[in-house]
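Asks: Give me a model of this one.
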Amino acid sequence: MEENLEITFAHIYPKLLNLYGDIGNVLALKNRCEWRGIKFIVEEINLGDEFREHDMYFIGGGQDRQQVDVAQEIQKYKDFLTTERDNNAVFLSICGGYQLLGHYYKAQDGSELKGIDLLDAYTLAGEKRFIGNVTAKTDFLEPNTLVGFENHSGLTYLEGETKPISNVIVGQGNNGEDKTEGARYKNVFGTYLHGSFLPKNPHFADFLIELALEKRYGRKIKLEPLKDEIELEAHNVLVNKPY
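Replies: Numbers count the residues shown, from 1 in each chain. You can find the predicted model right below:
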């Protein structure tokens, strides 16, 4: 693999959105880059901070109050982040962060929390909370399974060119109805899977890293394989014994 590669990474509102160890996704990406000699430059963006261009962005999940604060703040940067999306920057969003990248979250009282429209998706408040392990199948990764832990009552529905990341084998996924989990449009990804998500799915982490390198350097760069026996064993335990 080439030398002197680097990725710039924005961790969006980490002081407010970090449920269920979502920081583990950042650590997984950082470690998997540095083990290969790729410089991984992290910038935290907190309330009041300005956004600037990065190769990859991450936004995690949070409780209702924090999600409201973030939704109001991130609206200021909607146009900037839309441009970044269209320039093929990579986004990974988890749970509440995933909902904020859609059009809106509608509460049971009819009020709406406005999103930033990076995904053609919307979320409705549900009456039942989905809690438990999830196993889902993709059509663009090898191995072709993803695993994680969901804990949400929001029901997310995808429209237009936004497609699911995977189809649920075990668990409820986006809405408990259509067997979809997560969303993807261009290089924007959203999922309800905590766990943390990427340590249990190293193949998906590497997929994101390769997209970020392609965005930065304008060409595909194949990653050197790592010794992932332990990570894949953790992954396969959930695939084979999801309960």
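Asks: burial measure for residue 6, as a count.
Replies: 15 (other C-beta atoms under 10 Å). (Glycine included, C-beta is placed from N, CA and C.)
Asks: One more: residue 128?
Replies: Neighbours of residue 128 (other C-beta under 10 Å): 9.
Asks: Can you name the residues that contact the closest residue to it other than its chain neighbours?
Replies: Excluding its sequence neighbours, the residue lying closest to residue 128 (C-beta to C-beta, 6 or more residues apart in numbering) is residue 153, at 6.6 Å. By C-beta atoms under 8 Å, 6 or more residues apart in numbering, the contact list for residue 153 reads 125, 126, 127, 128, 129, 130.
Asks: I'd assumed residue 154 was in contact with residue 126.
Replies: Yes - using C-beta atoms under 8 Å, residue 126 is in contact with residue 154, at 6.4 Å.
Asks: more crowded one of these two?
Replies: Per other C-beta under 10 Å, whichever of residue 126 and residue 154 has more neighbours is residue 154, with 22 against 16.
Asks: ok, and the closest non-adjacent residue to the more buried one?
Replies: residue 123 (4.4 Å).
Asks: From residue 62, how far off is residue 235?
Replies: Distance, residue 235 to residue 62, by C-beta to C-beta, to the nearest Å: 26 Å.
Asks: One more: residue 55?
Replies: 24 Å.
Asks: cool, residue 78 as well?
Replies: For residue 78, the distance to residue 62 - C-beta to C-beta - is 19 Å.
Asks: ok, these two, which is more surrounded?
Replies: Remark: of residue 78 and residue 62, residue 62 carries more neighbours, 23 against 14, as counted by other C-beta under 10 Å.
Asks: Mind listing what's buried along the strand with the most length in the chain?
Replies: If you go by DSSP state E, the chain has its longest strand at strand 121-137. Burial within strand 121-137, assessed by neighbour count using 16 or more other C-beta atoms under 10 Å, is assigned to 121, 122, 123, 126, 130, 133, 134, 135, 136, 137.
Asks: Repeat that for stretch 100-109.
Replies: Residues of stretch 100-109 classed as buried by neighbour count (16+ other C-beta under 10 Å): 100, 101, 102, 103, 104, 105, 106.
Asks: Tabulate those residues (TSV), appending pLDDT, secondary structure and distance to residue 146.
Replies: Formatted as TSV, the buried residues of stretch 100-109 follow (pLDDT from 0 to 100; DSSP: H, G, I helix; E, B strand; the rest coil; distance: C-beta to C-beta, whole Å):
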residue	pLDDT	secondary structure	distance to residue 146
100	96	helix	21
101	98	coil	18
102	98	coil	20
103	98	coil	24
104	97	strand	26
105	96	strand	23
106	96	strand	27
